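Asks: Quick one, structure for this:
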Amino acid sequence: MTVAWSIYLGGALIMELVWRPVQQIVPPSQTGVLCLRMGKKYKWMALAALILIAASQIIMVPHGEFSSRFASVPIIANLNHPQLQNWQRYFLSLGWVLLVAVVLGMGTLIHPLSHTKLPVIASESERLQFRKKRLSLIAMMNRMLRFELFAALLITLIVVVPYA
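Replies: Got it, this is the predicted structure:
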């Protein structure tokens, strides 16, 4: 679980602390292409890490107890911390569902909508409306990314760090 959370949290931090500042200095004509590619890669990396987290959680769920035959396998033994409280497991499960919803919402709905193209024959008012909509979608995605990072950090501090 710790490795999967590290991958997930590392990706979220890279998106916020590295990619966001780079977007400010890259020419607008290149930002769209880079954003599209980064968003696709991030979506798949984040979903893969969340699937690993879910697999770890499924292994841990049965009241923190493992059959003795698995206790000797180091990676599994590390996933099953006897000190992990049930409320922490529920918090982790709820947080996981929330993070999956955010990643899927951004990756399958908001991000693709922000990259739609305006028809060449659009009027000036359509261009203004399109630009407003795109800026609104980008602002919404930025808020969702920051919320995702906050939620991931909170889950990490409450559930992962104490037992890492």
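
Asks: pLDDT below threshold where in this structure?
Replies: 1-2, 57-84, 163-164 (pLDDT under 70).

Asks: got the residue ranges for the strands in it?
Replies: Counting by DSSP state E, no segments of the chain form strands.

Asks: Please, where are all the helices along it?
Replies: 2-14, 20-25, 28-60, 68-71, 74-79, 86-105, 111-114, 124-155 (DSSP state H).

Asks: Tell me which of these lies nearest to P162.
Replies: Among those, helix 86-105 comes nearest to P162, with 8.4 Å by CB to CB. Placement of C-beta: from N, CA and C, glycine included.

Asks: and the closest one, how far from the chain's centre?
Replies: 11 Å (CA atoms, centre = their mean, to the nearest Å).

Asks: Stretch 34-46 now?
Replies: 11 Å.

Asks: And the contacts of that stretch?
Replies: 7-8, 11-12, 15, 19, 22-23, 26, 99, 103, 106-108, 111, 114-115 (CB atoms under 8 Å, 6 or more residues apart in numbering).

Asks: what about 7 Å?
Replies: Y8, G11, M15, W19, Q23, V26, V103, G107, H111, H115 (CB atoms under 7 Å, 6 or more residues apart in numbering).

Asks: cool, and stretch 15-30?
Replies: Against stretch 15-30 from outside (CB under 7 Å, 6+ apart): T31, L34, C35, M38, Y42, L145, R146, L149.

Asks: Likewise for stretch 97-114?
Replies: 39, 43, 46-47, 50, 134, 137-138, 140-141, 144, 147-148, 151-152.

Asks: In it, which of the residues would be classed as buried?
Replies: Neighbour-count burial for stretch 97-114, counted by 16 or more other CB atoms under 10 Å, picks out L99, V100, V102, V103, M106, G107, I110, H111, S114.
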